[in-house]
Each structure stands twice: as structure tokens, then as C-alpha cells.
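Visitor: Give the three-dimensional model of this entry:
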Amino acid sequence: MSVSRELKTFEGSVEEKLLRTALKDLEFYDFANLVIETCNVLKPVPFVNADVVLQSMYLELSKEKAYSAETFEELDVGNTDVGYTIVAYDQLFNTEMVKELIDHGICAVPEECKPAVLAMLKFLRDKKHHQEALSDMKVVGDTATLTAVMAQHLFSPLIAGNDYVIDNRSENLPRCMYCPCEKENCKALMNSGCTALGSPETWHGYVDIILNQNVAASLLECPSKEETKHFEHDDYPDDCEEDDPSDFFDDDFTAEEVGPTRIKRICMENNDTEEGDTLSMTSQHKEDKSMKAMDQLIAQTITNAFTQVNKTPALSGWLIPTISCTLDHVTALFYDPKNDVLFQSVDRIPIWGFNGLHIPSIVQIWMFLNFTFFTFKDLADIYELNRSNFHSHAKNRLKDFRKMKCGNALNFIYDFDYHSDVLTKMRKKGKKAEKKQREH
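Guide: Residues are numbered from 1 along each chain as shown. So this is what the prediction gives:
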């Protein structure tokens, strides 16, 4: 049956009504327009050792020192000259298309969007099945199993063709051919392979999942693979290309070579704790982990975006998403390699509601995964946006990023205090991106 004919069978269905209701209830999330103060992209380091200082964090911590304030809340931000750009939801997402779906239903779907809309409707039809499989993972401590189940029951059903590949290097990856959710009615085949991204001369590593052949996703609650395993020549995954010995990642360098930049060390030293203050030390440890995880995620986002544009030049000008997730929530970053623009969602998006999966959030994830249908291209040509400055930081390594390839297309410990400590504050005093003045 053709996509159009199959889509027509859902007209007037419960699933169509659910989709239209969820679109009405969408949360219009803001996005922070991030600027990089400094980074270690010139070093040959894996994602787990990426070091990125965002201008927002650097300026806030600098202000705290300058004003001798104990906390951000003690600062009189009106006396400071720090501005942020916040991109509103309707500036990034095509809300007119959303409105068309709400008002007229699936009969108004453009031809090119029909496969994606059909995937969403099928997810809603099978919602109970996916919900049960995901819910059972709340008592599973095995990260590899959780990754496989989230790929199979959350992300891949939201894209046409269920196109995904999960990292095949995990020692705990289930050895069976089928989804490890153990549901009697689930006989879905698992798709594992090489998810390598980057170049040995700069940032490189692995993401947990590649979705739709262009969106990277990483689970955020487990130790990084890069911390426990490095490649030797004989260990190279069978389905990763090995045309050149330099293709595999040889991470043989000292801690000093990959440690935090001077600015990052200053930031981390800003909140020195007194000896014996266990609570403060724990809080500082969580904050440092949050900063470190943010660095890894930014490095993955930028590297994946370049990789996908290199593979598919038609993606040039799009803000390409990378999704970070736990079983409870997701966060999205977007990077446009052509215009050097970097966004991050200010709020975490909850996966669960009071009665199971939170359908408006699932619809939002669906829109992330199908970003070429639901977001605007070349946003930097329309609005006054800040460049991330990655191009200038990369210097001569930028040519490496413009040649990067992927495997078939990292896990890291993550405590997302960054949302409340920095992004929420940016939103409160940030200015909405303004449209560019057109010359007549």
C-alpha cells in the first residue's frame, strides 16, 4: 500500500485526533543562542575530553567575581552589560504547518511530509506497546539494554522506515538479534553498527544512536565508553571502514594534554569548598560533571552536523539536531555548520506525564527527528543571531571538519544542573532574536 493510501486510512481516526490535540498542547520551548568563548578543538581528543567554555558561563562567573557575589541571585544584573539572544519557538519551528495540521488534519499534509506523519500516527496506534516496553526499563540498570529499547520503542518509530543504528562497541550489548524489551509481541530486529564520528586530529568518538541517518542521540546516565576502552588495530569493529590505519582513534596522550583550559579551570575554581564540607563538595562535583557533560554534548553536536552536511550537501543551512536523553527527559542541541550557529533548548522535555507517555513531548521529539519538515533553513539570514565562534576557534582544523565522515552513519555521566544554573537565567534576561532589517 502506498504512503498516501495508508495515510488516508487514518483520516478521522482516534490517532489523528490524538495528534491534533497534542499539537494544540505543544509547549513552545525557547532556545539559547550559544557562543563559545574557548575550546580545545585543536587537540586530538575524544568527546569525553572535549573542553568548551561558553561565553554565557564565562561571563556569569566573571561577574560573580567582579561583584564579589556569592550567588547569581545576589547580582544586580541591571548594572551589568551582558546580553543574550533567545530564539523563540516560532522562530525556529514552522508553526504555520503545525496550525494547518491542527485545523485541517492529515488531509492537509504536504506530499513530502506524509511518510513522517504516517510514522507518528503508527506510533500513536501502538502507543500502549511502546509505553509498556519503555516503562519496564525503569527497573533495568543495564545501559546497553536501555539504549536499545529507547532506540526501538521511542525514537525510531517516529521516523519513516524506523531508520536507526546503535553503537555496536558496548560490551553489554544484548547478543540476541531482537529487541531486548522481552515483550511477547515484540520481534523487532535490532540494528547495531559503527557510530564513529570525527577525526583523530581533533574531536572524535562515538554516539549511542544515529537516527534517520542524520540525527545523533546519546544516553546521559552511564560511564563513558571512551573512559574505559580505546581502540587497538585488532579491535576495530567489523562494520567500521578500515581503509587507512589512521581511521581508528588512537587516544594516547597525557591528562595534561586533554585537561581543562585555563579559563575552564578558573571557572571551576570559582566555587572553592572548605575542607570537610561534604555537602558543598558533592554539589561542586555535580556541577563539574554537568559542565563536562555539556562540553561533550556540544562537541558531538558540532561534529555530527559537519559530518551529515558532508555526506548530504542538501542539509547545508539547516540546524541539525543532536538529542541527549535519559528515560525521563530529552534535551536538544542544534548546529548549522554553514552559518556557525549553535542552539540549545532551555528546558528539558519530559517523556512521561501523569498517565504514561506525555504525547505533546513525543510529538516534539518527532519534530526534532524530522527537522527538515518542521524547522526553517538558513535562520541566520532571517534573524540577528550570534555566531558560535566555532569556525574561528577551529582555525586550520576547520578543513578536517569539512571532510569528516561517519561509520554507519558516547555515553557520559550527566547531571543537568546547567539548565537551572545558566540556561534558565539566560532566558530570563535574554532578548528575543530580532529580524534583520532588509535593505531596499
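Visitor: Give me the below-cutoff pLDDT ranges for the chain.
Guide: 57-83, 141, 170-176, 221-290, 407-425, 429, 438-440 (pLDDT under 70).
Visitor: can we see that at 90?
Guide: 1-2, 53-85, 108, 137-146, 161-163, 167-194, 199-201, 219-294, 354-355, 403-440 (pLDDT under 90).
Visitor: what about the longest strand in it?
Guide: Assignment by DSSP state E gives strand 329-336 as the longest strand of the chain.
Visitor: Extract the C-alpha set from the helix or strand just after that one and format it as CSV.
Guide: Counting by DSSP states H and E, the next helix or strand C-terminal to strand 329-336 is strand 341-345. Taking Å, rounded to 0.1, in the frame of the first residue of the first chain, the C-alpha atoms of strand 341-345 are listed here in CSV:
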residue,chain,number,x,y,z
VAL,A,341,25.0,28.9,14.7
LEU,A,342,24.5,26.8,17.9
PHE,A,343,21.3,26.5,19.8
GLN,A,344,20.2,24.5,22.9
SER,A,345,16.7,24.0,24.3
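Visitor: helices or strands up against strand 341-345?
Guide: Helices and strands touching strand 341-345, as assessed by 3 or more CB pairs under 8 Å, 6 or more residues apart in numbering; DSSP states H and E, comprise strand 31-34, helix 278-311, strand 329-336. Backbone N, C-alpha and C define where each C-beta goes, glycine included.
Visitor: and the next element down the chain from the second one?
Guide: Spelled out, it's helix 278-311. For helix 278-311, the following helix or strand on the C-terminal side (DSSP H and E) is strand 320-325.
Visitor: for that following strand, the distance to its chain's centre please.
Guide: 2 Å (CA atoms, centre = their mean, to the nearest Å).
Visitor: That strand pairs with which strands, and in what direction?
Guide: Strand 320-325 sits in its sheet next to strand 215-219 (parallel), strand 329-336 (antiparallel), going by DSSP bridges.
Visitor: can you put those strands in TSV and add mean neighbour count and distance to Lys183?
Guide: Shown next, in TSV, are the strands paired with strand 320-325 (neighbours: other CB atoms under 10 Å; distance: least, CB to CB, whole Å):
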stretch	mean neighbour count	distance to Lys183
strand 215-219	27	20
strand 329-336	24	22
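Visitor: got those strands as CSV, with distance to Cys39 columns?
Guide: Listed next are these as CSV, based on distance: least, CB to CB, whole Å:
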stretch, distance to Cys39
strand 215-219, 18
strand 329-336, 13
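Visitor: which one of the helices and strands packed on strand 341-345 lies closest to Cys194?
Guide: Of all the helices and strands packed on strand 341-345, it is helix 278-311 that lies closest to Cys194, at 12.6 Å by CB to CB.
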